[in-house]
Each structure stands twice: as C-alpha cells, then as structure tokens.
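Trainee: turn this into a model:
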Amino acid sequence: MAVELADIIPRDALLWKLKLLKSGAAYANSRLHAVQAEVLLPASGKDNLLPSGGEADRLFKTLKNCRVRYFKDNGHTLLLEDGINLLSVIKGANMYRRGRQRDFVTDYLPPTLNEFKKTFDEDNKLFHLALSPVMMSTLTNGKIVRGLAGVPDQGPVLFMGYHALMGIELSPLYEEFFKEKNTVVRGLGHPVLFGASTETSRQELSRFDTVSMYGGLPVTPINMYRLFERNQYVLLYPGGVREALHRKGEEYKLFWPDQPEFVRMAARFGVTVVPFGFVGEDDVLELVLDYNDQKNIPYLREWIESINKDSQRVRDSVKGEEGNQDMYLPAIVPKVPGRFYYLFGKPIKMKGMNNVLRDRKSTNEVYLHIKSEVDNALAYLKRKREEDPYRSISQRAVYQATWGVSAQVPTFEP
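Mentor: Numbers count the residues shown, from 1 in each chain. Now for the predicted structure:
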C-alpha cells in the first residue's frame, strides 16, 4: 500500500514547512551577491530530479567567484558515479589551496596513480597510440639515445623549447616524464589558462584542467624563482602565445624575445638548462584559418578583440611579433597521423657561471646559445624523421599487430 507524504506529516505542518523553506530560499537568494568565497559547482546534464544545469546557470551569474564544471552525461548522484573524482575536479579547476590565498607553487598536489591512469590509459590512450611518440635525449658525452637517460635526475632543471600549435606536444611529454622519471614538469603558461575569465556556466573538463593537474602555473618571475628554490623541473616556452598560436607557414619557427628573461635567475640558482625540440605537428594538423585570416572577418575580428581586451597582458614592453601575444582559436583540420619526435639536448650547467650575473654580454651569449641549440634540435628531427621507416601510421599498425600494442615501435638510428 502506497504511503503519501500527507499520511506522515500533518497537512498544516507540511504547509508551514514549505512556507519556511520558501522564506529561507528567498533570503538566501537575496544575499548571494554578497558571497566573496570561491565556489566550485559540479553540475549534471542528465539530472532527472533537479534542474542542475539551470541552477548552475543562475548561480554562475549571481556569485562573484564561481566556477562550474558541467558533466553532461551524468545524473543526479554525480559524486557517486563511476569516473568522477571530486579532488581531481578541484585540482583541475585550480580551487585546491592550503591557506586563505591560493599559492600555485605550494598548493600543488601531484597526480595520483589513479589520476595518471585515467589521463593516459583512458582519456589520451588512443591519441598516444596513434602517434607513437619518440623521446630522445643527449648524454653528457654528446651521444643521442632513446628515452630520457640524458635528462638530469635532480633539479633544479629548466626545459626550454619550441611551443607547437596549441601545445599539442604537452600530453606525451607529461606521460613520459611521469613514467620514466617519476616526476612532474611544472609548466609556466599564460595566466589566462588558469583564470575563469573565459569560462561559462556549462564549462566541461578541458585540456586546461589537465595542464593544471600536471603542474601548470602562470608564468611570472616570482613563480619561477620559487620553483628553482625548491629544485623543481620547470618547463618554459620563451615564444609564448605567439609561438603556440602561430600563423600558416610558421611551423618550427621560434619567436623568442631579444631579452634574456630567465638566464640570470637560472645562473643564480645553478640551474641545469635542457634545450629541446619537438617535431610532428605538421604530420597531424593543418592550419586552415589563422590569426591573419580571422582578423579579416568582421565577426571573428570583434571576437578576438573582445577576448584580448580585458585579459592579462604578457610582454607589453616587447616590440615586434614576439610581443604580439593575442589569444585566438586557430581553425584546424586533422591529417592522417604521422609521428611525434622529441629531442632533449645536452644539458647546460649554469652552476658557477658567475660572469652571467654581472655581465650583460655574457648573459646574451648564453641565451643565444640555448636558442641555437633548440634550432639545432628542430633541424635534426626534421631531417632524421625522413629516415624513420615507421613514420607512417600504417607501418606502425602492422608492427603493433605483430608485436602487441604495448610494444615500443622502432624508429631511425640516432
């Protein structure tokens, strides 16, 4: 026999409770605008009990410091469903902190083994399998070997290299360092990647969340200083946004500013600098509508101007193309996948380079040397990939069908 709510609670009591609830909700809603605390709202797309998506829309507009993570395929019991890890969501949204103020250096929690498996054995498995990345490094005697044996085991280490289109090279790099070196590389990126200015009330998990989970933080001198102080592995792209969002025909071109922004700090901490090159974006993507094309289309030009108007500027004092750090969204089409190649050059030890701290000319010489090593790595990889019998995905597929998908696919001889 069905039991109704009126059989449990007297009618007058039920009406009183509903009025009380309505009054309390009205008061709470009238005070939402005054809430200063950071708020993270996980919202479900298939909640059949409550309008989670609509409520997220409303609260996102009302609360001052609100971020939403929208799970379009999950239901009412979101936090009890498979594949949802609340701590991972908090870390990806840069909402985890140990004190009253967020500190990107000390608040960081490295990914757990389960988070690593979800990222690389589930979310990015097919991507990495299709590309079969080749990682190479250079020993102190100059010999190039496959793997990361040439990369120092102890920090502080500063990795500097070419930033491929939309940072497509980052995911395999994260995986390899985590697997082979059991460490996270703290990547310094544009501040807009870690803020909420471009987010919406239906913001799903994105690559930005992955970058944050795997050590990304805003590029500032103080952040770099504190990472070196803690003997961390640090990743810096001097070309910045201009390099990562390059134009047609600019693949593998460096857009480094003339100022040696980091060299003196690296010398002060005795950092080991590892220049590196990456090749393969032109084997995977084709850029069909770049910044220049979009600036000639009125609607897209207005959109680019709007997203850059209030965003934090980087390198305002740098002249020329190197200082053009405008954000935009390149229009790309995928190609039949080729292969990714990485080469980490011979480590450059800055320890004992006291002349760099005092002499501007010496500082510039070291900076230009590092840049030339990156250019050399790019040229080497572009030349040697032509010798790779497994550059084509079809050849790799045959090899893996024979030896298993987990087998390391051979490549050219260094």
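Trainee: rest of the way, CA atoms for contacts and neighbours
Mentor: Will do.
Trainee: what's around the closest residue in space to Ala267 that isn't next to it in sequence, how many residues?
Mentor: Distances taken as CA to CA, 6 or more residues apart in numbering place Met350 nearest to Ala267, at 4.9 Å, with adjacent residues excluded. Residue neighbour count, defined by other CA atoms under 10 Å, stands at 20 for Met350.
Trainee: try Pro298
Mentor: 9.
Trainee: how near is it to Asn292?
Mentor: 12 Å (CA to CA, to the nearest Å).
Trainee: and for Leu287, the neighbour number?
Mentor: When counting by other CA under 10 Å, one arrives at 17 neighbours for Leu287.
Trainee: chain center to the one helix or strand Met224 maps to, what's the gap?
Mentor: Element membership for Met224 (DSSP states H and E) is helix 221-229. From the chain centre to the centre of helix 221-229 is a distance of 19 Å (CA atoms, centre = their mean, to the nearest Å).
Trainee: got it, and stretch 393-402?
Mentor: Distance, stretch centre to chain centre, for stretch 393-402: 30 Å (CA atoms, centre = their mean).
Trainee: can you list the residues that contact that stretch?
Mentor: Contacts to stretch 393-402, defined as CA atoms under 8 Å, 6 or more residues apart in numbering, come from residues Ala130, Leu131, Val336, Pro337, Gly338, Arg339, Pro389, Tyr390, Ser406, Ala407, Val409.
Trainee: now, of the residues you listed, which are buried?
Mentor: Ala130, Leu131, Pro337, Gly338, Arg339, Tyr390, Val409 (16 or more other CA atoms under 10 Å).
Trainee: quick one: the strands in this structure?
Mentor: 39-44, 66-71, 134-138, 144-146, 157-161, 185-189, 217-218, 233-236, 272-279, 285-289, 331-334, 341-344, 348-349 (DSSP state E).
Trainee: the second one: partners in the sheet, and parallel or antiparallel?
Mentor: Pointing back at strand 66-71 there. strand 39-44 (parallel) (DSSP bridges).
Trainee: how about the fifth one?
Mentor: Counting by DSSP bridges, the strands paired with strand 157-161 are strand 233-236 (parallel), strand 272-279 (parallel).
Trainee: export only the CA atoms of the last one, formatted as CSV.
Mentor: Meaning strand 272-279. Taking C-alpha atoms only, strand 272-279 is exported to CSV below (Å, rounded to 0.1, in the frame of the first residue of the first chain):
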residue,chain,number,x,y,z
THR,A,272,70.7,23.0,-15.4
VAL,A,273,69.1,24.1,-18.7
VAL,A,274,68.0,21.5,-21.1
PRO,A,275,67.1,22.8,-24.6
PHE,A,276,64.7,20.6,-26.6
GLY,A,277,63.0,20.4,-29.9
PHE,A,278,59.7,18.9,-31.0
VAL,A,279,58.6,17.9,-34.5
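Trainee: pLDDT on stretch 33-49, on average?
Mentor: The average of the pLDDT scores along stretch 33-49 is 90.
Trainee: ugh, wrong one, I meant stretch 372-392
Mentor: 96.
Trainee: do the same with stretch 92-105
Mentor: The model assigns stretch 92-105 a mean pLDDT of 90.
Trainee: same question, stretch 12-19
Mentor: Average pLDDT, stretch 12-19: 86.
Trainee: how far is it from where the chain is centred?
Mentor: 51 Å.
Trainee: does Glu387 touch Phe412 like I think?
Mentor: Yes. The pair Glu387 / Phe412 is scored as a contact, 5.7 Å apart, by CA atoms under 8 Å.
Trainee: and of the contacts of stretch 393-402, the nearest to Leu148?
Mentor: Nearest to Leu148 among the contacts of stretch 393-402 is Val409, at 16.4 Å by CA to CA.
Trainee: Glu122: neighbouring residues, count only.
Mentor: By other CA under 10 Å, 11 other residues sit near Glu122.
Trainee: low pLDDT regions in the stretch 251-400 of the chain?
Mentor: Across the stretch 251-400 of the chain, residues meeting the criterion (pLDDT under 70) sit at 312-324.
Trainee: quick one, helices of it?
Mentor: Assigned by DSSP state H, counting those that start in this stretch, the stretch 251-400 of the chain shows helices spanning 263-268, 291-295, 298-309, 354-358, 360-384, 393-403.
Trainee: give me the number of residues near the residue nearest to Lys72 when sequence neighbours are not counted?
Mentor: Of all residues beyond its chain neighbours, the one nearest Lys72 is Gly45 (3.8 Å), with distances taken as CA to CA, 6+ apart. Residues within reach of Gly45, counting by other CA under 10 Å, total 18.
Trainee: ok, Gly45 to Ser52 distance?
Mentor: For Gly45 relative to Ser52 (CA to CA), the value is 7 Å.
Trainee: again with Leu381
Mentor: From Leu381 to Ser52 the distance is 50 Å (CA to CA).
Trainee: what does Ala43 give?
Mentor: From Ala43 across to Ser52, the span is 5 Å (CA to CA).
Trainee: those two: which has the busier surroundings?
Mentor: Ala43 (27 against 20).
Trainee: and the closest residue to that one other than its chain neighbours, how far from Gly142?
Mentor: Sequence neighbours aside, Tyr70 is the residue nearest to Ala43 in space, at 4.8 Å (criterion: CA to CA, 6+ apart). Using CA to CA, one gets 49 Å for the distance from Tyr70 to Gly142.
Trainee: and if you look at Ala43?
Mentor: Counting by CA to CA, the gap from Ala43 to Gly142 is 53 Å.
Trainee: and if you look at Tyr225?
Mentor: Counting by CA to CA, the gap from Tyr225 to Gly142 is 29 Å.
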